[in-house]
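**Student:** Could you look at this predicted model? Sequence included:
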There are 2 protein chains.
Amino acid sequence: MSYIRLVFTLDLFGDKKTGMMRNTLRRLPLYAQIKSVLIRRIVDGEWQANQALPSEWELAAELDVSQGTVRKALGELVTQGVLYRRQGRGTFVAEVASDWGAGYLVTPGLLNEKPDELVLELLGCSRGNAPDEVAQVLGLRRGAPVIRVRQLWRLSGLAVALDDAYLPAEPFDGLDARSIRQCGGGVYVTLQRRFGVRLRVTGEQLRAVMLGREDAAMLGVAPDQPVLSQLRVSATMEGEPLEWRQRICLTDSLAFTTGRQP
Amino acid sequence: MSYIRLVFTLDLFGDKKTGMMRNTLRRLPLYAQIKSVLIRRIVDGEWQANQALPSEWELAAELDVSQGTVRKALGELVTQGVLYRRQGRGTFVAEVASDWGAGYLVTPGLLNEKPDELVLELLGCSRGNAPDEVAQVLGLRRGAPVIRVRQLWRLSGLAVALDDAYLPAEPFDGLDARSIRQCGGGVYVTLQRRFGVRLRVTGEQLRAVMLGREDAAMLGVAPDQPVLSQLRVSATMEGEPLEWRQRICLTDSLAFTTGRQP
DNA sequence: CAGTGGTCTAGACCACTCG
DNA sequence: GAGTGGTCTAGACCACTGA
């Protein structure tokens, strides 16, 4: 519409008349640029969770690309879990990912797909220095200031998992137990609402270890039993790692499935 | 070209002239039907592993659909891991999935992406009756005849995992230790080569358990240590479950990552 | 250089949802 | 019935590969 918008569009997308990108300007495919624009606008709060985006045709007109290109961009965001689609209704912003992450707990045996009803409980939020491993993964200097968040997961009252998350302190100045509780207890929800940062899981490792005395006390179970140790790194949509998290998960009565919740 | 081909095409795809499917004939989208045709031809051995398919345009002409539709079908098969693409070269049939499956072992810490060099060793292949859980998952009657395959995984000589796989005996009559060894020791490779069945993992569960005495002996390690217990069900491309597999995985020096190998 | 996958457009119709 | 996502086509150009 405006001059600003016109300049912006030309700069970002190149020559539209031909339907092709100018080679000199080309960095990313059009649909990838559309993705970035949409992510930016979602993170900036232009559309809230479970709210519908403009239709594919409206977005196409607004962004001055074809509907197919918008569709491709939306499709990738759906795959990434940022959006979801409902035929005949529209495209919607997904809820921020749960702190639990992909996968879910089910009764062992692979048939009963009982979705979990996990309850998250914040144990504490403190400041400290980054352990070497955390610093390395998050790209911080040794001993850099970090925020440590400890959480407990309960399934129908019983403790089933214990989380230990580290975030760089610098970009998250106001993050404390109160603000996390205010947002419902989840780190990801809090980062989204308070800092406009939307994280996604980028790496995960699993091991079987013996439950230590301290963790056992936190969980209220006997020590010296085998537990699933889950290591996870999450990053911004742009790929910058911002969270290192370790989880101890009891799997004596529940099994951990990989993949998304159905 | 021929009469047979014409009838086949019309029956399968409906009215091509309009570019739309006739409502009366419609069951699946065109691209999904193309997928089925391609899977059939791949499983039938029309193209071998790492061999190029005809180009998208050739397939489009042959199947009497547009290149875009072929592309969408190929794209989903790439996502499923059946095919892979190389820009400027072509679309190729992927190797049959390894018995190891998705995920891989790495040194703990999430940074070193050292791909594994796992060696598979066949311990035995015997016939027996399906345990109840296996029968239930595979849709067999209680005590139905099954084939049990035991395998050992080694990483630079050291045993790291122990597999216990069950398959229904009926469709796999000639399957024995000799034929599996002949195909390199993998169950999936053997099923593909000898029976034209291509399996894909459809479900996976993980738990932490204590290593039992017998399994410890098989692995040549001390019992009473925590190990990762992995339960997996695999099915044909059409979705019929055909394999139940349990794995014991040592994770004291190696961590198990989720997701595909990079 | 020819051939391949990768991107993009414009236009069309279908299937679903909801008022 | 209007509006949305879902599918399909035809045609074009780009970027990469390998002979």
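**Tutor:** That came through, no problem.
**Student:** pLDDT weak spots in chain A?
**Tutor:** Within chain A, the ranges that satisfy pLDDT under 70 run A:1-26, A:109-116, A:259-262.
**Student:** can you pull out the helices in chain A?
**Tutor:** A:3-13, A:30-43, A:56-63, A:67-79, A:132-138, A:177-182, A:187-195, A:213-219 (DSSP state H).
**Student:** now those helices as TSV including mean neighbour count and distance to DNA strand C?
**Tutor:** For glycine as for every other residue, the C-beta is placed from the backbone atoms N, C-alpha and C. Shown next, in TSV, are these (neighbours: other Cβ atoms under 10 Å in any protein chain shown; distance: least, Cβ to the nearest atom of the strand, whole Å):
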stretch	mean neighbour count	distance to DNA strand C
helix A:3-13	12	8
helix A:30-43	18	2
helix A:56-63	16	7
helix A:67-79	18	3
helix A:132-138	17	29
helix A:177-182	15	32
helix A:187-195	21	26
helix A:213-219	15	42
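**Student:** Identify whichever of these lies nearest to residue A:101.
**Tutor:** With Cβ to Cβ, the closest approach to residue A:101 among those belongs to helix A:187-195: 9.1 Å.
**Student:** Would you mind pulling up the elements that the closest one packs against?
**Tutor:** In terms of contacts (3 or more Cβ pairs under 8 Å, 6 or more residues apart in numbering or on different chains; DSSP states H and E), helix A:187-195 is packed against strand A:158-168, helix A:177-182.
**Student:** rerun at 7 Å
**Tutor:** helix A:177-182 (3 or more Cβ pairs under 7 Å, 6 or more residues apart in numbering or on different chains; DSSP states H and E).
**Student:** Run through the neighbouring helices and strands of the helix it packs on.
**Tutor:** strand A:118-129, helix A:187-195.
**Student:** can we see that at 6 Å?
**Tutor:** The helices and strands touching helix A:177-182, judged by 3 or more Cβ pairs under 6 Å, 6 or more residues apart in numbering or on different chains; DSSP states H and E, are strand A:118-129.
**Student:** Tell me the residues of the stretch 101-250 of chain A that contact chain B?
**Tutor:** Near chain B, the residues belonging to the stretch 101-250 of chain A are A:110, A:137, A:203-210, A:226-228, A:231, A:233 when assessed by Cβ under 6 Å from any Cβ of the partner chain.
**Student:** Type out the ChimeraX command that picks the buried ones from these.
**Tutor:** Buried members of those, defined by 16 or more other Cβ atoms under 10 Å in any protein chain shown, are picked up in ChimeraX with:
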select /A:110,137,203,204,205,206,207,208,209,210,226,227,228,231,233
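**Student:** residues in contact with the residue nearest to residue A:230 when sequence neighbours are not counted?
**Tutor:** What sits nearest to residue A:230 in space, not counting adjacent residues and going by Cβ to Cβ, 6 or more residues apart in numbering or on different chains, is residue A:247, at 4.1 Å. By Cβ atoms under 6 Å, 6 or more residues apart in numbering or on different chains, residue A:247 lies in contact with A:161, A:163, A:230.
**Student:** could you check the distance from residue A:247 over to residue A:231?
**Tutor:** From residue A:247 across to residue A:231, the span is 8 Å (Cβ to Cβ, to the nearest Å).
**Student:** repeat for residue A:127
**Tutor:** Distance check for residue A:127 against residue A:231: by Cβ to Cβ, it reads 22 Å.
**Student:** Now do the same contact list for residue A:201.
**Tutor:** When the contact criterion is Cβ under 6 Å, 6+ apart, the partners of residue A:201 are A:101, A:232, A:234.
**Student:** same thing but 10 Å
**Tutor:** A:81, A:97, A:101-103, A:188, A:232-235, A:243, A:245, B:258-259 (Cβ atoms under 10 Å, 6 or more residues apart in numbering or on different chains).
**Student:** and it, what are its bridge partners?
**Tutor:** residue A:234 (DSSP bridges).
**Student:** Who is the closest residue to residue A:128 other than its chain neighbours paired with across the strands?
**Tutor:** For residue A:128, the nearest residue in space outside its immediate sequence neighbours is residue A:148; the separation is 5.6 Å by Cβ to Cβ, 6+ apart. Bridge pairing for residue A:148 (DSSP bridges) gives the partners residue A:126, residue A:166.
**Student:** on that earlier part again, highest neighbour count among the contacts of residue A:201?
**Tutor:** residue A:243 (26 neighbours; other Cβ atoms under 10 Å in any protein chain shown).
**Student:** how about the nearest residue to that one once chain neighbours are set aside, what does it touch?
**Tutor:** Using Cβ to Cβ, 6+ apart and skipping the chain neighbours, the partner closest in space to residue A:243 is residue A:234 (4.2 Å). For residue A:234, the residues meeting the contact criterion (Cβ under 10 Å, 6+ apart) are A:97, A:99, A:101, A:165, A:167, A:187-188, A:191, A:199-204, A:241-245.
**Student:** try 7 Å
**Tutor:** With contacts defined as Cβ atoms under 7 Å, 6 or more residues apart in numbering or on different chains, the neighbours of residue A:234 are A:199-202, A:242-243.
**Student:** Of all pairs in those residues, which one spans the longest distance?
**Tutor:** Set against one another by Cβ to Cβ, the contacts of residue A:234 have their most distant pair in A:201 and A:242, with a gap of 11.4 Å.
**Student:** And for the residue nearest to residue A:128, the neighbour number?
**Tutor:** Number of residues near residue A:148 (other Cβ under 10 Å) recorded here: 19.
**Student:** wait, isn't it in contact with residue A:129?
**Tutor:** No - taking Cβ atoms under 7 Å as the contact criterion, residue A:148 and residue A:129 are not neighbours in contact, 9.8 Å apart.
**Student:** sorry, back to before: please tabulate the helices of chain A in CSV, including the columns distance to residue B:65.
**Tutor:** Formatted as CSV, the entries for the helices of chain A read as follows, by distance: least, Cβ to Cβ, whole Å:
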stretch, distance to residue B:65
helix A:3-13, 30
helix A:30-43, 23
helix A:56-63, 23
helix A:67-79, 17
helix A:132-138, 47
helix A:177-182, 53
helix A:187-195, 42
helix A:213-219, 56
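**Student:** out of the ones you listed, which comes closest to residue A:89?
**Tutor:** Between residue A:89 and the helices of chain A, the tightest spacing by Cβ to Cβ is seen for helix A:56-63, at 12.5 Å.
**Student:** for that closest one, the distance to its chain's centre please.
**Tutor:** Centroid separation for helix A:56-63 versus its chain: 27 Å, with Cα atoms, centre = their mean, to the nearest Å.
**Student:** Repeat that for stretch A:89-99.
**Tutor:** For stretch A:89-99 - counting by Cα atoms, centre = their mean - the centre lies 11 Å from the chain centre.
**Student:** So for that stretch, what gets flagged as buried?
**Tutor:** Neighbour-count burial for stretch A:89-99, with 16+ other Cβ under 10 Å as criterion, is recorded at A:91-94, A:96-97, A:99.
**Student:** In strands, which of these fall?
**Tutor:** When DSSP state E defines the strands, the subset of these inside them is A:91-93.
**Student:** give the contact list for the nearest residue to residue A:97 once chain neighbours are set aside.
**Tutor:** With Cβ to Cβ, 6+ apart as the criterion, residue A:97 has its nearest non-adjacent residue at 5.4 Å, and that residue is residue A:188. Neighbour list for residue A:188: A:96-97, A:99, A:199 [criterion: Cβ under 7 Å, 6+ apart].
**Student:** got it, and residue A:190?
**Tutor:** For residue A:190, the contact set (Cβ under 7 Å, 6+ apart) comprises A:175, A:179-180, A:183.
**Student:** Over to residue A:93?
**Tutor:** By Cβ under 7 Å, 6+ apart, the residues touching residue A:93 are A:42, A:47-51, A:83.
**Student:** most neighbours, which of these?
**Tutor:** The member of those surrounded by the most neighbours (other Cβ under 10 Å) is residue A:42, with 23 neighbours in all.
**Student:** Could you check how far that one is from residue A:201?
**Tutor:** When Cβ to Cβ is applied, the distance between residue A:42 and residue A:201 equals 18 Å.
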